[in-house]
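Asker: Please find the sequence and the predicted model below.
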Amino acid sequence: MKYTKPNLPKTNVKDMLVSSIISEEIYNELKKLGINPLSCGKTNRIVSELAYHPDILAFNYKAGKWISEEDNSLLPDNMNNLLTSVRYRLGNKYPADCIFNSFAINNNIFCGRVNYGPYTNIKELSGYNLITFKQGYAKCSVIIINENSFITGDKSIEKKLKEIKYDCLYVTNECIGLNGFKNGFIGGCAGKASKDLLLFTGNIKLHNDYENIKAFCRNYDVDIYSLSNRRLYDYGGLLPVTETE
């Protein structure tokens, strides 16, 4: 079994961490693509739909290595051997609801300034550099295209990534659904199925910036694929776990 580098598979994804409330249409479409959806649990300490979001419940910092809070029931049983539980606990109010909402590229961890504290105290992350954003929902706000290019719906993240010489496309979040909120986030409705295929939890053609998204991805030889004909919906991301050898 080959574990996937965080968010960036090289081959075809086999297992993917998803929300337990994704639509049946999306679930079945993933299966058609040869992907096994692994449904995560729900934290009782968040009252909104964020309680079901994979990118809220766990942080994938290394291939086959995830960090979550002490309640292991939040992730599927077959991921328990991949999980490092830490004493930090999720809470209902920002920023306690997004302490694991971060992403890693090589030895860099990208997270919000409001919640970087835990990362300085987790021994498994002692060799990582921290890059912080004003936005606490870092992973929700970003699609990782490759190690040097990103799509974001947050202006402050776009500014910071460009300052450190990454390629970054800014797009609107306004056309993304999320119950209980004005809108969802672009990073929460996407995930890579292979090095050259990016999946969306809805019809990407309905996004206001579709043409820009398609062109940006094409620059990096990445195709885009809609898992549903409905509007994009923020389910907390599609997080690859394993891939083909």
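Answerer: Arrived safely, thanks for sending. Numbers count the residues shown, from 1 in each chain.
Asker: Can you tell me what sits against stretch 43-52?
Answerer: Applying CB atoms under 8 Å, 6 or more residues apart in numbering, the set of residues contacting stretch 43-52 from outside is 19-21, 40, 42, 56-57, 69, 71, 74, 89-92, 97, 178-181, 235-236. The way it works is simple: take the backbone N, C-alpha and C, and place the C-beta from them, glycine included.
Asker: Identify those among those residues that sit within strands.
Answerer: With DSSP state E as the criterion, strands contain residue 69 from among the contacts of stretch 43-52.
Asker: What is the least confident helix or strand in the protein?
Answerer: Least confident helix or strand of the chain, by mean pLDDT, DSSP states H and E, is strand 83-86 with a mean of 86.
Asker: Adjacent strands (with direction) for it?
Answerer: Counting by DSSP bridges, the strands paired with strand 83-86 are strand 65-69 (parallel).
Asker: Identify the residues contacting the partner strand?
Answerer: Here strand 65-69 makes contact (CB under 8 Å, 6+ apart) with 43, 57-61, 74-75, 79, 82-90, 100, 122, 124-125.
Asker: at 10 Å what do you get?
Answerer: With contact meaning CB atoms under 10 Å, 6 or more residues apart in numbering, strand 65-69 is reached by 3, 6, 17, 40, 43, 45, 54, 56-61, 74-75, 79-80, 82-90, 99-100, 102, 104, 118-119, 122, 124-125, 239, 241.
Asker: for stretch 214-224, same thing?
Answerer: Here stretch 214-224 makes contact (CB under 10 Å, 6+ apart) with 143, 145-146, 148-151, 167-169, 171, 190, 192-200, 204-205, 207, 209-210, 213.
Asker: ok, of those, which come out buried?
Answerer: Using 16 or more other CB atoms under 10 Å as the burial test, the contacts of stretch 214-224 include 143, 145-146, 149-151, 168-169, 171, 190, 192-194, 197-200, 204, 207, 209, 213 as buried.
Asker: Return the subset of the residues you listed lying in strands.
Answerer: Per DSSP E, the subset of the buried ones among the contacts of stretch 214-224 in strands is 143, 145-146, 149-151, 168-169, 190, 192-194, 197-200.
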